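Visitor: would you be able to build a 3D model of this:
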Amino acid sequence: MLIKLAENIYRIEIPLPNNPMKLLNSYFIKGNGTGRNLIIDTGFNRPECRDAMDEALDLLHTDLNETDIFITHLHADHSGQIFHLKNRNNTAFAEEREADVINRLHDSAYWDHIYKEFRKEGLRMNHDEAISTHPGFMWRPDDTVDFTCLHDGDVLNYGGYELRCIVTPGHSPGHTCLYDERHKILFAGDMILGDITPNLCYELWLDDPLTEYVKSLGIVENLDIARIFVGHRNMLNDAYGRIAGLRTHHTLRCNEALDVLKRRGPLDSWSAAAHMTWDIDARDWEAFPPSQKWFATGEADAHMLFLYHEGFISMHTDENGFKIYENKSGKTDIGDLIYKYGK
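Guide: Numbering: from 1, shown residues only. Reported below is the predicted structural model:
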């Protein structure tokens, strides 16, 4: 589906079949007059996503030779089609760490490393099952591309918009939003979503995801935003209200993690996740799809690491190499800790 949102700005709904995200919001900025076009994010590298993208580009009478691509972050639902869209006459943009990982997604050594790191969190899946069912592996780009790397503060000019790069780590190491100050428009990627919360997991260069994420919420909160265009599902009207809601969400999740450790600990993150609440259509933890167990374990670990670094819990490594967390203090309330990273 193609929807016009503002002058020269279109939303392309890219379906994500059998995925909890449901759809990706790709954005297309049409060049003014003789100017170049810009695609923001692409969808998975799978036929359904490619068909939706190609159909929208046809409706927009798009010449890829005159159309550049910006990737907000490395995850395959945002980067999967980059190899399909990139050619010798256009430019692919991404923050440098994101570009590096995107170009590793087809490399088995990268996935071996990620698997080993999640094993430390207690991941109880064998190597082949864990990786073969991961959507980032299944729908990754076909090969590497030549990226033009961007940094915080860099500016892209397309369709009459002056788009400043705002690097917002947490969901990924170099997740980058685009912000037009004159029009007060933020292309938010997965930094802020309307009706779901961005997943926080270990990535290369991202050792404490929740701390980075709540700091990034503070960065975005200081922008003057009239319109926010998010990466998945429904559009969002109130950026600041959603930021407040996300802070509350992560405060509650930290408190839940503390309570689980108090009642059932010491635990690794896999075992803690099994006792936490998740908005997933499954009767219990054992019925979770493998990829959702992976993401839930990573999300639980992000909260555990935050609590550990803030001094609420202890951590040690057991004989199996798992990180074990323990709530020795018995506390189950972090108070307004997350809000200290606000304005």
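Visitor: where's the residue nearest to residue 256 when sequence neighbours are not counted, which helix or strand?
Guide: Leaving aside its sequence neighbours, residue 256 sits nearest to residue 276 (Cβ to Cβ, 6 or more residues apart in numbering; 5.7 Å). No exception for glycine: its C-beta is placed from N, CA and C like everyone else's. Assigned by DSSP states H and E, residue 276 belongs to neither a helix nor a strand.
Visitor: distance check, residue 276 against residue 10.
Guide: Per Cβ to Cβ, to the nearest Å, residue 276 is found 39 Å from residue 10.
Visitor: ranges for the helices of the chain?
Guide: In the chain, the helices defined using DSSP state H lie at 47-59, 76-79, 82-85, 96-102, 108-120, 127-132, 135-138, 209-221, 239-264, 269-274, 290-309.
Visitor: among these, which is the most enclosed?
Guide: Highest mean neighbour count of the helices of the chain: helix 76-79, a mean of 27 (counted as mean count of other Cβ atoms under 10 Å).
Visitor: just the CA atoms of that helix, as PDB, please.
Guide: The C-alpha coordinates for helix 76-79 follow below in PDB (Å, rounded to 0.1, in the frame of the first residue of the first chain):
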ATOM      1  CA  ALA A  76      17.100  -7.500   8.100                       C
ATOM      2  CA  ASP A  77      13.500  -6.200   8.200                       C
ATOM      3  CA  HIS A  78      15.000  -2.800   7.400                       C
ATOM      4  CA  SER A  79      18.000  -3.700   5.300                       C
END
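Visitor: average pLDDT across that helix?
Guide: For helix 76-79, the mean pLDDT works out to 98.
Visitor: can you check stretch 248-260 too?
Guide: Mean predicted confidence for stretch 248-260 is 97.
Visitor: how about the CA coordinates for that stretch, as CSV?
Guide: Output of stretch 248-260 as CSV, limited to C-alpha atoms (Å, rounded to 0.1, in the frame of the first residue of the first chain):
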residue,chain,number,x,y,z
THR,A,248,7.3,3.6,32.2
HIS,A,249,7.4,0.3,30.3
HIS,A,250,11.1,-0.2,31.0
THR,A,251,10.7,0.8,34.6
LEU,A,252,8.0,-1.9,35.0
ARG,A,253,10.1,-4.5,33.1
CYS,A,254,13.1,-3.8,35.4
ASN,A,255,10.9,-4.2,38.5
GLU,A,256,9.5,-7.4,37.1
ALA,A,257,13.0,-8.7,36.5
LEU,A,258,14.0,-7.8,40.1
ASP,A,259,10.9,-9.6,41.4
VAL,A,260,11.6,-12.7,39.3
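Visitor: distance to residue 168 added to the helices of the chain, as a markdown table?
Guide: As requested, these are exported to a markdown table (distance: least, Cβ to Cβ, whole Å):
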| stretch | distance to residue 168 |
| --- | --- |
| helix 47-59 | 24 |
| helix 76-79 | 14 |
| helix 82-85 | 20 |
| helix 96-102 | 11 |
| helix 108-120 | 22 |
| helix 127-132 | 28 |
| helix 135-138 | 20 |
| helix 209-221 | 4 |
| helix 239-264 | 12 |
| helix 269-274 | 24 |
| helix 290-309 | 15 |
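Visitor: relative to residue 148, which of these is closest?
Guide: helix 96-102 (8.4 Å; Cβ to Cβ).
Visitor: give the full set of residues in contact with the residue lying closest to residue 2 once chain neighbours are set aside.
Guide: Distances taken as Cβ to Cβ, 6+ apart put residue 56 closest to residue 2, at 4.8 Å, once the chain neighbours are dropped. Applying Cβ atoms under 8 Å, 6 or more residues apart in numbering to residue 56 gives the contacts 2, 10, 12, 26, 28.
Visitor: any idea how far residue 56 is from residue 256?
Guide: Applying Cβ to Cβ to residue 56 and residue 256 gives a distance of 40 Å.
Visitor: could you spell out which stretches of the chain belong to which domain?
Guide: Domain assignment for the chain by automatic domain parsing gives 2-105+140-237, 253-331.
Visitor: quick one: which of these is nearest residue 134?
Guide: Nearest to residue 134 among these is domain 253-331 (5.5 Å), distances taken as Cβ to Cβ.
Visitor: below-threshold pLDDT in the chain: ranges please.
Guide: Applying pLDDT under 70 to the chain flags the ranges 34, 342-343.
Visitor: switch to 90 and redo it
Guide: 1, 18-21, 32-35, 195, 265, 279-284, 339-343 (pLDDT under 90).
Visitor: picking that back up, against residue 81, how distant is the residue nearest to residue 2?
Guide: Counting by Cβ to Cβ, the gap from residue 56 to residue 81 is 12 Å.
Visitor: next: residue 7.
Guide: 26 Å.
Visitor: ditto for residue 67
Guide: 13 Å.
Visitor: ok, these two, which is more surrounded?
Guide: Using other Cβ atoms under 10 Å, the more surrounded residue of residue 67 and residue 81 is residue 81, with 30 against 23.
Visitor: for the closest residue to that one other than its chain neighbours, what are its contacts?
Guide: Closest residue to residue 81 apart from its sequence neighbours, by Cβ to Cβ, 6+ apart: residue 42 at 3.7 Å. The contact partners of residue 42, taken as Cβ under 8 Å, 6+ apart, are 14, 24, 26, 49, 53, 69, 71, 78-82, 84-85.
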